[in-house]
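Enquirer: The following comprises the amino acid sequence and a computationally predicted model.
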Amino acid sequence: FFFSLLKRKKEAKKEKSSPTLVLHGNVPHEDYTSTKIPRRGEQAAAAAVTLPFLQLKFGRKVSGGLLSLGKSAVAISAGRRADSPHFCMVYNLLLKRKRIFSIIKYENLFEDVYAFRACHVSEHVRCRTGFRLQREENTMKTITVHASQTYPIWIGRGLLGQCGTYLKQQTKAQTAAVITDDHVDCYYGDIVTKSLEENGFRTIKFVFPHGEASKCSKTLNQIYDFLCENNITRTDCLVALGGGVVGDITGFAAATYLRGLDYLQIPTSLLAQVDSSVGGKTAIDLTGGKNLVGAFKQPVAVLCDLDTLHTLPKLFLADGMGEVIKYGMIRDEKLFTLLEQHTLETVSEVMDEIVPTCIDIKRDVVEHDEFDTGERMILNFGHTLGHAVESYYHYETYTHGSAVAAGMCMMTRATCTPELYVRLCDCVKAYDLPTEVDAPVAELVPLCGNDKKRASASLRFIVCETIGRAEIRSMPFTEFAAWMGGVDA
């Protein structure tokens, strides 16, 4: 009896001192249940949107309400009050005999469970004394583009699950055709479709293989056939859900099918959010070069959910940083200085500042030169050689951002001071991007002849002799080839 009493007192003391996480979803407190959900796989991810109320303590048994997509990872909706906005925090439980021994809290804080589905996070904080749940305010920013068509760009977190609400504000369409690739569809296809349907849209979806190779006439014709088979009319709209490839080809389909449809851009990659989704450039590639067939078609809106960046592999985060560095070079020295203070490992800490800054720079340039006849060409700093690099390697070895980074460094080496060249290279290296490529310049330069900025026998290219200021230069192509160390063309 004595030992039994001592054991109960010990357990009571331990229970009292154990750090407690009170976690709940966004439903009334009295509606919480202890519904069990699968602990692994896609079924668990789908069930997570209805996570029940529970208390998570050290020593407690793992039971209903925990989500595991690998090892012992869990995602739990959390908030201070039943009526507060819900968040999804990601934990990893170290289990011993099915009891919680320690808890690792990943640093990422998502506003919805969908962002956890493909969460591959390496950065984490080990905590053995419990957590203090901090409520983050979701302050959405809106940037308005005044071009041939005025439209908003919404930037924030947790926006993807509300895309139907936002789209409804911008179009009278009753049917929305979602165009996406197979990778993005696994992450966000269901979330977007659900939101659109909840807001009264008849929703259909076309999925094509991911990658630059799909940005071609074959895929475009498949999209046309899909739209025709589903009786899409000029009063309907398209939704581009994905990265730059998805946005470019969807925009071109919207510009040309039935001579024009509304379309919404939902960029899910950093490169697409800061660059390709804004400004109305749409295109597909040809064998002879990149983006050679296209049209200017402004979207009805752009929705940038920064939470989608959490699911990006480092390779594609670095890819987007190539374009971000470009913005600092051509227009914003303060942005460039900020980038110098971070690396690929830490840049996520300032992403809420970086993305709006880049978008605002592009908005300003587009408003002054929507159709790319003058000032807008500065946005192609690094692209003249960058596109040549992509073409030389058949769009396989280097991503677009990597090729642009190498192109910026190669052009800066040829036109600017050694000090500026070193400074740019150091910044580029900090984000795991190349400063040069193995391809001989003599073989890259002829590929620059397919650049869209070429005018008759002359080639226009961009130079940044000072950080924050870009200059458009023109030179006969044969002279450019000799100047860069290439061959006569």
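Expert: Sure, I can see it.
Enquirer: So which bits of stretch 243-261 are buried?
Expert: 243-257, 261 (16 or more other C-beta atoms under 10 Å). Where you see a C-beta, it was placed from the backbone N, CA and C, and this is true even at glycine.
Enquirer: Listing partners with orientation, what would you give for the helix or strand harbouring Leu292?
Expert: If you go by DSSP states H and E, Leu292 is part of strand 289-296. Using DSSP bridges, the strands paired with strand 289-296 are strand 281-286 (antiparallel).
Enquirer: Spatially, which residue comes closest to Lys314, not counting chain neighbours?
Expert: For Lys314, ignoring the flanking residues on the chain, the nearest one in space by C-beta to C-beta, 6 or more residues apart in numbering is Leu344 at 6.3 Å.
Enquirer: for the one you found, helix, strand, or coil?
Expert: Here Leu344 is coil, with the state taken from DSSP: H, G, I helix; E, B strand; the rest coil.
Enquirer: could you measure it against Ala388, distance?
Expert: Counting by C-beta to C-beta, to the nearest Å, the separation of Leu344 from Ala388 is 25 Å.
Enquirer: again, but for Leu312
Expert: Relative to Ala388, Leu312 is positioned 26 Å away (C-beta to C-beta).
Enquirer: which of these two has more neighbours?
Expert: For Leu312 versus Ala388, neighbours defined as other C-beta atoms under 10 Å are more numerous around Ala388 (28 against 20).
Enquirer: Next up, the contacts around that one.
Expert: Going by C-beta atoms under 8 Å, 6 or more residues apart in numbering, Ala388 touches Gly407, Leu444, Val445, Leu447, Cys448, Asp451.
Enquirer: List the buried residues in stretch 196-203.
Expert: Leu196, Asn199, Phe201, Thr203.
Enquirer: so which of those residues comes closest to Ala318?
Expert: Closest approach between the buried residues of stretch 196-203 and Ala318, by C-beta to C-beta: Leu196, at 31.7 Å.
Enquirer: what kind of secondary structure is that closest one in?
Expert: Of the three states, Leu196 takes helix under three-state DSSP.
Enquirer: Check whether it really touches Gln162, as I assumed.
Expert: No: the pair Leu196 and Gln162 does not pass the contact test of C-beta atoms under 8 Å, sitting 10.6 Å apart.
Enquirer: got any ranges where this protein has weak pLDDT?
Expert: Where the chain drops to pLDDT under 70, the residues are 1-3, 5-139, 449-456, 485-489.
Enquirer: let's see 50
Expert: Screening the chain residue by residue with the criterion pLDDT under 50, one finds the ranges 14-138, 487-489.
Enquirer: Across the sheet, point out what pairs with the closest residue to Ser458 other than its chain neighbours.
Expert: Setting aside the residues directly before and after it, Ser458 is nearest to Ser474 in space (C-beta to C-beta, 6+ apart), at 5.0 Å. On the basis of DSSP bridges, Ser474 is bridged to Arg460.
Enquirer: ok, now which ones touch Ser474?
Expert: Contact partners of Ser474, counting by C-beta under 8 Å, 6+ apart, are Ala455, Ser458, Leu459, Arg460, Phe461.
Enquirer: isn't the fourth one right up against Ile472?
Expert: Yes: using C-beta under 8 Å, Arg460 makes contact with Ile472 at a distance of 5.8 Å.
Enquirer: which residues do the two both contact?
Expert: Each of Met377 lies in contact with both Arg460 and Ile472 under the rule C-beta under 8 Å, 6+ apart.
Enquirer: Just the buried residues of the strand holding Leu292, please?
Expert: Residues of strand 289-296 classed as buried under the neighbour-count rule (16+ other C-beta under 10 Å) are Gly289, Lys290, Asn291, Gly294, Phe296.
Enquirer: quick one, helices of the stretch 201-350 of the chain?
Expert: With DSSP state H, counting those that start in this stretch as the definition, the stretch 201-350 of the chain shows helices at residue ranges 217-229, 244-256, 270-271, 314-330, 333-340.
Enquirer: Tell me which of these is the most buried.
Expert: Stretch with highest mean neighbour count among those: helix 270-271 (a mean of 28; mean count of other C-beta atoms under 10 Å).
Enquirer: I would like the residues contacting that one, please.
Expert: Contacts to helix 270-271, defined as C-beta under 8 Å, 6+ apart, come from residues 243-244, 309, 312, 316-317, 319-324, 355, 400-401.
Enquirer: How about Lys429: what's its closest non-neighbour residue?
Expert: Counting by C-beta to C-beta, 6+ apart, Thr435 is the residue found nearest to Lys429 once chain neighbours are left out, at 6.6 Å.
Enquirer: What is the neighbour count of that neighbour?
Expert: Burial of Thr435, expressed as a neighbour count using other C-beta under 10 Å, amounts to 19.
Enquirer: now swap in His342 and tell me
Expert: For His342, the neighbour count with other C-beta under 10 Å is 18.
Enquirer: One more: Thr478?
Expert: With neighbours defined by other C-beta under 10 Å, the count for Thr478 comes to 15.
Enquirer: How about Val239?
Expert: Tallying neighbours of Val239 according to other C-beta under 10 Å, which is how burial is gauged here, yields 30.
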